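J.: could you work out the structure for the sequence below:
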Amino acid sequence: MSSAGVSSRREAESLIRDGRVSVNGVVVSRLGSRANPERDTLRVDDRRVKLSGPRRYLLLNKPRGYVTTRRDPQGRRTVMDLVGASYGYLYPVGRLDYDSEGLLLLTNDGDLTARLTHPRHGIERRYEVEVKGVPTPETLKRLSRGVALDGRRTRPSSTRLVRVIRTPSGNRGLVAFTIQEGRNRQVRRMCDAVGHPVVRLRRVRFGPIKDSILPPGGVRELTPREIVALEAATSTSRGNDRKT
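T.: Numbers count the residues shown, from 1 in each chain. Predicted coordinates:
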């Protein structure tokens, strides 16, 4: 289903578990079941799945106040409201929190999405994070070595203090983080763990993709060179070889 552009692989698993998928009139109950849209009749919610059109790859500069999902049960604005329907059926690659901002990929290429988000590839994500207080060199080293979250230490990462921001309520630090994981609210929780809560978090790079001039809310298609770079990143990354 991901290859047909119906959903991401994670969403496809949820559809199967909910009994919403059938092949040749039989409801699919086992994860990992296969069907050929050219030969079999595959339906989701009784709507036939057909082979999708051309693969699409978009880059969005997500503002704060949007949910990174196709739809939200609470009625909040989603990133799809920024993209619109003209690009066809797309879904986000990974997540950015509601209060986070920055670069987000969207595509209908389920295979590439799975590779980009699988921990074994260790695709780098870089963030610029404004925190309360100014982390000391020792605190930055602690963050780089890894912090225990939910009983499991984060992978080693790269952290550095970019500059000190002076405000009426006290100094803040702007910290550059480069991580190879996508654990839930990871950077925010790492900063909380060392006593420097996040004020603002912005992703400035996902793997090889970066864009410093795309405005907040702006969307563009990836260039052919960027698409090749993403494919290469999933075949050359060695993030899983590192000790955690």
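
J.: now the spatially most central residue of the chain: how far from L230?
T.: With distances taken as C-alpha atoms, centre = their mean, G94 lies nearest the centre of the chain, 2.2 Å away. Counting by C-beta to C-beta, to the nearest Å, the gap from G94 to L230 is 13 Å. No exception for glycine: its C-beta is placed from N, CA and C like everyone else's.

J.: next one: S212
T.: Plainly put, S212 is 18 Å away from L230 if you go by C-beta to C-beta.

J.: okay, and the common contacts of G94 and L230?
T.: Residues touching both G94 and L230 (C-beta atoms under 8 Å, 6 or more residues apart in numbering): 105, 116.

J.: could you count how many residues lie near P216?
T.: Using other C-beta atoms under 10 Å, P216 has 13 other residues around it.

J.: surely it touches G102?
T.: No - between P216 and G102 there is no contact under C-beta atoms under 8 Å: 9.1 Å.

J.: any idea which helix or strand comes after the worst-scoring helix or strand of the chain on mean pLDDT?
T.: Here the helix or strand of the chain ranked lowest by mean pLDDT, DSSP states H and E is strand 47-48, holding a mean of 70. Toward the C-terminus, strand 47-48 is succeeded by strand 57-62 as the next helix or strand (DSSP states H and E).

J.: what pairs with that following strand, and is each one parallel or antiparallel?
T.: strand 101-107 (antiparallel), strand 219-221 (antiparallel) (DSSP bridges).

J.: the more surrounded of S212 and L230?
T.: Set S212 next to L230 and count neighbours by other C-beta under 10 Å: L230 wins out with 22 against 8.

J.: how far is the host helix or strand of the more buried one from where the chain is centred?
T.: Element membership for L230, per DSSP H and E: helix 224-236. Its chain's C-alpha centre lies 16 Å from the corresponding centre of helix 224-236 when counted by C-alpha atoms, centre = their mean, to the nearest Å.

J.: buried residues in that helix?
T.: For helix 224-236, a neighbour-count test (16 or more other C-beta atoms under 10 Å) marks 226-227, 230, 233-234 as buried.

J.: how about stretch 139-150?
T.: Across stretch 139-150, burial judged by 16+ other C-beta under 10 Å covers 139-140, 142-144, 146-147, 149.

J.: where strands are concerned, which of those residues count?
T.: Here DSSP state E is the test, and the buried residues of stretch 139-150 give L149 as lying in strands.

J.: between the buried residues of stretch 139-150, which sits nearest D45?
T.: D45 has its nearest neighbour among the buried residues of stretch 139-150 in L149, at 36.6 Å by C-beta to C-beta.

J.: hmm, R188 and that closest one touching each other?
T.: No - taking contacts as C-beta under 8 Å, L149 lies outside contact range of R188: 10.4 Å.

J.: and the spatially closest residue to V162 that is not a sequence neighbour, backbone torsions?
T.: When the adjacent residues along the chain are set aside, V162 lies closest to L174, with 4.4 Å between them (C-beta to C-beta, 6 or more residues apart in numbering). Here is the backbone geometry of L174 (degrees, to the nearest 10): phi -100, psi 110.
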